[in-house]
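Engineer: Here's a sequence, model it:
(2 chains)
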Amino acid sequence: MLVTARLRPPDRTVEVVDVRRVKDLLARLEVLPTTVLVIRDGALLTSEDELRDGDSVEVRFAISGGGGPPAGGRAGSGAGGA
Amino acid sequence: MAMRCKRCRDRAAIEIRRHNAAFCRDCFFHYVRQQVTRAIDKHHMLRPGDRVLVAVSGGKDSLALWDLLLELGHRAEGLYMGLGIGAYSERSKDLCQAFAAARGAKLVVYDLAEEQGYSIPEAAGRPRRAGARRSSCGVCGLSKRYVFNRVALEGGYDVVATGHNLDDEAAVLFANTLRWDIETMARQFPVLEATRPGLVKKVKPLYRVAERETAAYCVLKGIDYVVEECPLVAGNTQLRHKETLNQMEEASPGAKHNFLFGFIDRAAELLRSAEHAELTECARCGMVTQAPEDPDAVPVCAFCRSRERLLGARGRHADLPVVEAATR
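Structural biologist: Modelled structure (predicted):
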């Protein structure tokens, strides 16, 4: 099972395997669920929603004021456009 | 199992952990409108018929606010201030204009470089000197506060509304508390009345709404906003404070809400009653400013001092575009 996640800002894309639900994906990405929206086909997903093999989702940081999780560094710090 | 909406039991679109709730799209709109209405009513932010100037940046908060005020039937017009931050500012302006055009709403565009002779990147590029310690975010905030008040005053608006949300307010309160900056804390409130001529009332109708919720509102409403962050903001202090608060919120949902609302409901009044800042008029531009401690000193507001540092002697003519000022 493979899910493609586009994270922004800043814009980058990662592929994640073996994640069943949105909360599993966010845990794998080390992103705090309360700092992001997860969007699939224009619709919002909750942390309990199931992911499907081949899904493409956007993980959008909804916290304004800075630079998001550094590549390879601590994820979970939000960033976004005010 | 998929989450269900707390109100109608339909499939939920968003979970709000601090309220132990989840909502479908329509019930989420109801929830946000309810929070904004509660804020407006509780603090007497807007009267029927008030002309409201909404400060819009093209971001999620301010566009959500403008949309909500229009939906709630308020006479809300937008003010976009061009900061001169290259493609970021251009895109921000385009989105504000598109939003206004789609709703037939009026948007005032104010270009900082044209009107005041400097852009925010120029201000950020200036080396700091002793006594001139403002970051680019500091100059930007100062410029916005000044321009919003001035444009509202000159345009005959009753109220300036800004998109500060629960997270913004909690982060500012956190920063001020860490420093015990009582003077600044005494001025932090969802509404600031126009206490004297030259000041326009300021309101923050989104202070009960988390920023993840304003982003969700825009996504669900189809409001196109600037997702990219300001290129000058990386690593700023407020973001670091938000990260800290978000870690606390994750461990204890409602922590931010309780921190901010406790302050507003129980502490703000105590601090305000202890604060006796004397106000006067700036000798340069005539806007309201804090009176200097030395009674013989000429009062010059923070905006005019900052502008003079950026532009030198030509910055003393705060009223005039810099081209005119330079020919005097």
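
Engineer: and B:Arg309, how far is that from chain A?
Structural biologist: For B:Arg309, the distance to chain A (Cβ to the nearest Cβ, to the nearest Å) stands at 25 Å. Bear in mind the C-beta positions are built from the backbone N, C-alpha and C, glycine included.

Engineer: For the chain, just list every one of the helices.
Structural biologist: Just going to use chain A. For chain A, the helices defined by DSSP state H cover A:22-29.

Engineer: wrong chain, I was asking about chain B
Structural biologist: B:25-42, B:60-71, B:86-103, B:112-116, B:120-125, B:136-155, B:166-179, B:182-185, B:211-221, B:237-251, B:255-262, B:268-274, B:302-311, B:322-327.

Engineer: Please work out the average pLDDT along the first one.
Structural biologist: So the one you mean is helix B:25-42. Across helix B:25-42, pLDDT averages out at 98.

Engineer: try the third one
Structural biologist: Rounded to a whole number, the mean pLDDT of helix B:86-103 is 97.

Engineer: do the last one as well
Structural biologist: Taken as a whole, helix B:322-327 has an average pLDDT of 32.

Engineer: Could you dump the helices of chain B into a markdown table and include mean neighbour count?
Structural biologist: As requested, the helices of chain B are exported to a markdown table (neighbours: other Cβ atoms under 10 Å in any protein chain shown):
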| stretch | mean neighbour count |
| --- | --- |
| helix B:25-42 | 17 |
| helix B:60-71 | 25 |
| helix B:86-103 | 17 |
| helix B:112-116 | 19 |
| helix B:120-125 | 18 |
| helix B:136-155 | 19 |
| helix B:166-179 | 20 |
| helix B:182-185 | 15 |
| helix B:211-221 | 25 |
| helix B:237-251 | 18 |
| helix B:255-262 | 17 |
| helix B:268-274 | 13 |
| helix B:302-311 | 20 |
| helix B:322-327 | 13 |
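
Engineer: Quick one: the ones you listed as a markdown table, columns for distance to A:Val38 too.
Structural biologist: Listed next are these as a markdown table, based on distance: least, Cβ to Cβ, whole Å:
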| stretch | distance to A:Val38 |
| --- | --- |
| helix B:25-42 | 15 |
| helix B:60-71 | 16 |
| helix B:86-103 | 23 |
| helix B:112-116 | 36 |
| helix B:120-125 | 32 |
| helix B:136-155 | 29 |
| helix B:166-179 | 18 |
| helix B:182-185 | 36 |
| helix B:211-221 | 10 |
| helix B:237-251 | 16 |
| helix B:255-262 | 21 |
| helix B:268-274 | 36 |
| helix B:302-311 | 41 |
| helix B:322-327 | 47 |
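
Engineer: By mean pLDDT, show me the worst of the ones you listed.
Structural biologist: Lowest mean pLDDT of those: helix B:322-327, a mean of 32.

Engineer: about what we covered before: wait, which of the helices of chain B is closest to A:Val31?
Structural biologist: Among these, the nearest to A:Val31 by Cβ to Cβ is helix B:237-251 (10.6 Å).

Engineer: now the closest one: how far from the chain's centre is it?
Structural biologist: Between the mean C-alpha location of helix B:237-251 and the chain-wide mean there is a distance of 19 Å, by Cα atoms, centre = their mean, to the nearest Å.
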